[in-house]
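Participant: just the structure for this:
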Amino acid sequence: MPNLPTITAGLFLTCFSCLLPAGAAPARPPALPATASRIASAPEATAPTRLSVAERAAYTAAFEQNVAQTYVQANLMGSGLPVQVYRKALIGFYNLQQRGLISARCHTLSIIDFSQSSTRERLWVIDLSQGRLVHHSLVAHGKNTGEEFARTFSNREGSEMSSLGFYVTSHTYQGKHGLSLRLEGVDAGYNTNARSRAVVVHGADYVSPAFVQRHGRLGRSQGCPALPSAEAPAIIRRIKDGTVVFAHGPEEAAYHSSLLELDAALLAFAQH
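Facilitator: Modelled structure (predicted):
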């Protein structure tokens, strides 16, 4: 049965897209109250730990407008990314900026939707500054995470499972799979063993439409988000050195993270 909230969001965003000129860059958020403007224009100031009702309403309105506008601008609905997943990824992205774990100059957000079949292109690389989908690709999950669908996730050494949550990309290196990219898991309780587990982005021959045709599913990794061999180098070069990757899972995975706390994300968003 179709998901009603997804359909409703899709209809809204389709209507919203009619208001945007073709090729236009995402609009600036609406003007914020005086208090909010002072915070946004003075990054050296100490951010309040709690927002007033007026501040939260203004920040939220601006943030939700940006979610809708960039979602439409990048044609993320047409490419199969649910708006709810995109919104979660943006909240985490701005929380990471608020915590100083990524630079304010970072505009690249990668999303993996492990709730979707491995036969689908379930990786999106988005340029937030331009509202543009840069890459859309197949991506593998761990061999003990599931067959066609990802079901079980772990942060444990030797699990050969994928891990959910937010990562910050590190540096590249040449490994047995060619150009590869180290990931720093920054989501406590979910992926913080990524480096010691050698969970990295790399290319693999088992990530291909041909493999899907032969086996009815994508090939699986030892927990790495493996990419098609031909596409991996370009994607890795685009997302290396301090950008955000968000791995979303199915509802039954029960992912709950402090990086999805809205108020802190709103403060970072307001400083843009």
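Participant: please, where are all the strands along the stretch 101-250 of the chain?
Facilitator: Here the stretch 101-250 of the chain has its strands, by DSSP state E, counting those that start in this stretch, at 108-113, 123-127, 132-137, 165-175, 178-185, 200-201, 203-204, 227-228, 244-248.
Participant: for the last one, name the packing helices and strands.
Facilitator: When you say that, I think you mean strand 244-248. helix 83-98, strand 108-113, strand 165-175 (3 or more C-beta pairs under 8 Å, 6 or more residues apart in numbering; DSSP states H and E). Every residue, glycine included, has its C-beta placed from N, CA and C.
Participant: contacting residues for L179?
Facilitator: 172-173, 202-203, 232-233, 236-237 (C-beta atoms under 8 Å, 6 or more residues apart in numbering).
Participant: now pLDDT and neighbour count too, for the residues you listed, in CSV please.
Facilitator: Below are the contacts of L179 laid out as CSV (pLDDT from 0 to 100; neighbours: other C-beta atoms under 10 Å):
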residue, pLDDT, neighbour count
T172, 98, 17
Y173, 98, 11
H202, 98, 23
G203, 98, 19
A232, 98, 22
P233, 98, 17
I236, 98, 20
R237, 98, 12
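Participant: quick revisit: could the helices and strands packed on strand 244-248 go into JSON lines alongside distance to G131?
Facilitator: Output for these, formatted as JSON lines (distance: least, C-beta to C-beta, whole Å):
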{"stretch": "helix 83-98", "distance to G131": "12"}
{"stretch": "strand 108-113", "distance to G131": "11"}
{"stretch": "strand 165-175", "distance to G131": "21"}
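Participant: quick one: low-confidence residue ranges for the stretch 1-150 of the chain.
Facilitator: Filtered on pLDDT under 70, the stretch 1-150 of the chain yields the residue ranges 1-49.
Participant: just to revisit the earlier point, what's the closest of the strands of the stretch 101-250 of the chain to V72?
Facilitator: Comparison of the strands of the stretch 101-250 of the chain against V72 by C-beta to C-beta identifies strand 132-137 as nearest, at 11.5 Å.
Participant: appreciated, that's everything.
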